[in-house]
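Asker: I'd like to go over a predicted model; first the sequence, then the structure.
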Amino acid sequence: KAKVPSNILTREIILNNKWLFYNDNGYLGEMTFAENGKIEGYKSHNEHAWKLSQGPYGHAILEFYGSNNKRTCQYISSILDVTGKWRLQGPFDANKAWRHYLHQV
């Protein structure tokens, strides 16, 4: 199996870390991601489940799903910052001008 470059977001990174969740209004809470696809900690009807989809060049894209199984956010930007922590952001599907943010703790 090929080694995944350290600047590629992986399922293991998602599963093995705690995340701070924000939207354009500010901080909403902490969350973790369970192996079964559920979001734990902070939850609402819009942040119920998660999955990774495959993006270009092997980049993983984290997606959130609501309690109705409809996608609510796609984190199209995943950046490893200078401190070695992941910063993700993406548009809220119901209003593309509204953004969601995840910061690795």
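Answerer: Now that the structure is in, tell me what you want to look at.

Asker: Could you measure from Leu89 over to Tyr22?
Answerer: Quick fix: residue 89 is Gln, not Leu. Note on Gln89: its distance to Tyr22, by Cβ to Cβ, to the nearest Å, is 9 Å. For the C-beta atoms, the positions are set from N, CA and C on the backbone; glycine is no exception.

Asker: any shared contact partners between the two?
Answerer: His100, Tyr101, Leu102 (Cβ atoms under 8 Å, 6 or more residues apart in numbering).

Asker: Which strand or helix spans the residue sitting nearest the centre point of the chain?
Answerer: Nearest residue to the geometric centre of the chain (Cα atoms, centre = their mean): Leu62, 4.5 Å. Leu62 is part of strand 60-65 when elements are defined by DSSP states H and E.

Asker: That strand pairs with which strands, and in what direction?
Answerer: With DSSP bridges as the test, strand 60-65 is paired with strand 49-54 (antiparallel), strand 71-75 (antiparallel).

Asker: pretty sure Tyr57 belongs to a helix, no?
Answerer: Yes: the assignment for Tyr57 (DSSP: H, G, I helix; E, B strand; the rest coil) places it in a helix.
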